[in-house]
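**Student:** Compute the structure for the input listed below.
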Amino acid sequence: MSNDAATGTPTLDGPQQEPPAHGLGASLLPADARAKTEGTFPYAADLWAEGLLWAAILRSPHPHARIVSIDTAAAAEMPGVRAVVTHEDVPGDSAYGRRIADRPVFASEVVRHHGEAIAAVAADHPDTARLAAAAIAVEYEVLDPVTDPEKAFAAEPLHPDGNLIRHIPLRYGDPDITGEVVVEGLYRIGRQDPAPIGAEAGLAVPRPDGGVEIYTASTDPHTDRDLAAACFGLDPDRVKVVVTGVPGATGDREDPGFQIPLGLLALRTGCPVKLAATREESFLGHAHRHPTLLRYRHHADAEGRLVKVEAQILLDAGAYADASSESLAAAVAFACGPYVVPHAFIEGWAVRTNNPPSGHVRGEGAMQVCAAYEGQMDKLAAKLGVEPAELRLRNVLATGDILPTSQTVTCPAPVAELLRSVRDFPLPPLPKDTPEAAWLLPGGPEGAGEPGAVRRGVGYALGMVHMLGAEGADEVSTATVKVHDGVATVICAAVETGQGFATLARQIVQETLGIEEVHVAPVDTDQPPAGPAAHGRHTWVSGGAVERAAKMVRTQLLQPLAHKFGMSTELLQITDGKITSYDGVLSTTVTEAMDGKELWATAQCRPHPTEPLDASGQGDAFVGLAFCAIRAVVDVDIELGSVRVVEMAVAQDVGRVLNPAQLATRIEAGVTQGIGTALTENLRTTRGLVRRPDLTGYALPTSLDAPDIRIVKLVEERDVVAPFGAKPASAAPVVTSPAAVASAVRAATGRPISRLPIRPQAAVAAPPPGT
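**Tutor:** Predicted coordinates for the structure are as follows:
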């Protein structure tokens, strides 16, 4: 599959075939597409209940302080205020965490980051709730914040668990070997915010049995339920999480730090309580991408073949652990990239600081190291006088090669094919020097740029991501498929976050049962768990569970007919709602065969197990891998340092195309998110204080920043151990595109470009020697 050169629309190579109307391979529209387009789709912020109260959370104005006292009397006495809760009112566990329970529901003795929750208020009007929260008197003893992760090692412990969250020393090969050519580099990656289009919101409703129901846009409802129940001091079956519409998710949504205070207030007041975060509260309350410091030394022979990679990787976890351990594992394991490296010595650390918390954001760990190792490849190419693409081709991984973790690459790894595809794709034409083309200048027509100062650069990057969880995570999902009166229903707790699972589930059932009308039930925690929406896991494990359940229903449907006609069910096929035999003797409809019965089946899918990295960073830690190659073309005003991304040519290892339109959308979105990482997105802090936590101070790329995105090749080499053979689509371009943009800016300016996002001063061309 490639794309049309004029439109960028994915098209099939060779003779064109009419795509199927439904089932796998069809560009089936999401069932909620119309409602979302018309603005009628219900999100958590739209929910209402009789007797509704409103919540507000008091957050710390300091990144590090000792709490001397908290006085809630003035807030509690305000008219309309129904409850005020602090750490003293948490009946169960006082701390929570998806991986390590180190984050308090409310700070009690010490504040560890700007925006940490201190107390929460429920009132009969949102303005009253906010005023009451502001009326809570907190006396702080301000402490010096630890904001430099390098200083966290020697600093006083910020947490009872210490400042070091995890250290991974990867040792692979001979430490004494050296290469004929050596290049070194220091790289810094900024703090990217998930910046969902809709801020956090939720509604908590108390139950007659003393439990509570929480309606929110959770991406991992069963984990969120268990964390909340532990803090409420309740059994998990007395807490129910109901998933509402998800208004964007490129990381974990609805941090428990929003849900747990909401549930506490509902339990305290006995009334429904709603919380709708402001954008500032959203920035301060949820986790961000790990800011990362990376030091690299690459050794190569005279032909440019890699001999050894040495690296030090330091992740700033912020105040709490969250997903830092998993992010560090990905960073260390992929520190050499999709290249054959005989010897590797990587040190990785994740440390606590008083900066905003870091956590799961799409491509975590892998994105940061990709920017660094691709910067090293550009340096090595320049030192050897070799074309950057050619140098990469001399070193790429293939199926059967071994990673520095000693894990053999058993899945398809068409890295060379991907790189050749983007390298050989025609370059875009140079802009004409006409007034009509002024908007094509870096900075736009009002950017004060001169055409004569614009330089074009072409850069390359190769990225890799892992599929599903890692290091022994139990990746299991359960699904039920029911069929009645010619209509199928899928029940699975896999959350539709925009990745397309709900549409895929419909396609799987259409493909397996030949039933066109398929509905996906809303998700809540009364259903069996399906796990988090991350790393393409729902395409694999949840899609696999749906397929297995649908096949079981298919067997129930066909067995009576096969027995009646004396043939095997394998000799019967279902197409477009009709059941036919191989010889044409049997021909009936699905509805007639069911004869009013309801058929249903429940199935699980669990991939092969993985193992944690050992003390030397070795182990089969990943279920599978996916790869991406991107060629970036940029125009840079070398006097002003402004950058315009002209084109991104993408080739991706997708395994199998299940929904062409949906796949193209995910790739384009991933590339655009990566461009934000490369050029604009950085949640800035000053001594731990977040500066301008809003969408004016935090610059997201808009449609005007999005370049032409050319999907030049989708390699459909199926992974035999994956259901349908498909691989995740969104994370790989997020990981790869920032490195490609940085590579192109290097080519245009001759500057090293070692920091993301790229600052204008870094993109100003170096003056000629002697000036």
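**Student:** can we go C-alpha only for contacts and neighbour counts from here?
**Tutor:** Will do.
**Student:** how near is Ala488 to Arg548?
**Tutor:** 14 Å (CA to CA, to the nearest Å).
**Student:** what does Arg606 give?
**Tutor:** On the measure of CA to CA, Arg606 and Arg548 end up 11 Å apart.
**Student:** Could you check which of the two has the larger neighbour count?
**Tutor:** Arg548 (25 against 15; other CA atoms under 10 Å).
**Student:** residue ranges with poor pLDDT in the protein?
**Tutor:** 1-21, 251-254, 432-440, 443-449, 766-771 (pLDDT under 70).
**Student:** Report the central residue of it.
**Tutor:** Geometric centre of the chain, nearest residue: Arg362, 2.1 Å, by CA atoms, centre = their mean.
**Student:** Name the nearest residue to Trp375, ignoring sequence neighbours.
**Tutor:** Residue 375: Gly, not Trp. Counting by CA to CA, 6 or more residues apart in numbering, Gly375 lies nearest to Ser743, which is 6.8 Å off, once chain neighbours are set aside.
**Student:** check contacts around that neighbour.
**Tutor:** 374-375, 378, 458-461, 632, 753 (CA atoms under 8 Å, 6 or more residues apart in numbering).
**Student:** hmm, who's touching the top helix by length along the chain?
**Tutor:** Determined from DSSP state H, the single longest helix within the chain is helix 543-565. Helix 543-565 is contacted from outside by 477-482, 490, 492, 501, 504-505, 508-509, 512-513, 568-569, 572, 586, 593-594, 599-605, 723-724, using CA under 8 Å, 6+ apart.
**Student:** Check the offset of it from the chain's centre.
**Tutor:** 35 Å (CA atoms, centre = their mean, to the nearest Å).
**Student:** Can you dump the C-alpha atoms of that helix in CSV for me?
**Tutor:** Extracted in CSV, the C-alpha atoms of helix 543-565 (Å, rounded to 0.1, in the frame of the first residue of the first chain):
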residue,chain,number,x,y,z
GLY,A,543,-9.3,-7.8,19.0
GLY,A,544,-8.0,-11.4,19.5
ALA,A,545,-10.5,-12.0,22.2
VAL,A,546,-13.4,-10.7,20.0
GLU,A,547,-12.2,-12.9,17.1
ARG,A,548,-12.1,-16.0,19.3
ALA,A,549,-15.6,-15.3,20.8
ALA,A,550,-17.0,-14.7,17.3
LYS,A,551,-15.5,-17.9,16.0
MET,A,552,-17.1,-19.8,18.9
VAL,A,553,-20.4,-18.3,18.0
ARG,A,554,-19.8,-19.2,14.4
THR,A,555,-19.3,-22.8,15.4
GLN,A,556,-22.5,-22.8,17.4
LEU,A,557,-24.3,-21.4,14.4
LEU,A,558,-22.9,-23.8,11.8
GLN,A,559,-22.7,-27.1,13.8
PRO,A,560,-26.4,-28.0,13.5
LEU,A,561,-26.3,-27.3,9.8
ALA,A,562,-23.1,-29.3,9.3
HIS,A,563,-24.6,-32.2,11.2
LYS,A,564,-27.8,-32.1,9.3
PHE,A,565,-26.0,-32.2,5.9
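**Student:** buried residues in it?
**Tutor:** Neighbour-count burial for helix 543-565 flags 543-554, 556-559, 561-562 (criterion: 16 or more other CA atoms under 10 Å).
**Student:** ok, how many other residues are close to the residue nearest to Lys379 when sequence neighbours are not counted?
**Tutor:** Distance criterion CA to CA, 6+ apart; nearest residue to Lys379, sequence neighbours excluded, is Val183 at 6.7 Å. Neighbour count of Val183, defined by other CA under 10 Å: 18.
**Student:** Quick check: Val183 is in a helix.
**Tutor:** No. Assessed with DSSP: H, G, I helix; E, B strand; the rest coil, Val183 is strand; it does not lie in a helix.
**Student:** Just grab the bridge partners of it for me.
**Tutor:** His298 (DSSP bridges).
**Student:** which residues touch it?
**Tutor:** 297-299, 376, 379-380.
**Student:** quick one: which of these is nearest Ile313?
**Tutor:** Arg297 (12.0 Å; CA to CA).
**Student:** What is the neighbour count of that closest one?
**Tutor:** Residues near Arg297, counting by other CA under 10 Å: 17.
**Student:** Now do the contacts for it.
**Tutor:** 182-185, 309-311, 376.
**Student:** How are the strands of the stretch 651-771 of the chain distributed by residue range?
**Tutor:** 685-686, 689-690, 708-715, 755-756 (DSSP state E, counting those that start in this stretch).
**Student:** Which one of those lies nearest to Ala120?
**Tutor:** strand 689-690 (21.1 Å).
**Student:** which outside residues touch the closest one?
**Tutor:** Counting by CA under 8 Å, 6+ apart, 62-63, 114, 284, 355-356, 683-684 sit against strand 689-690.
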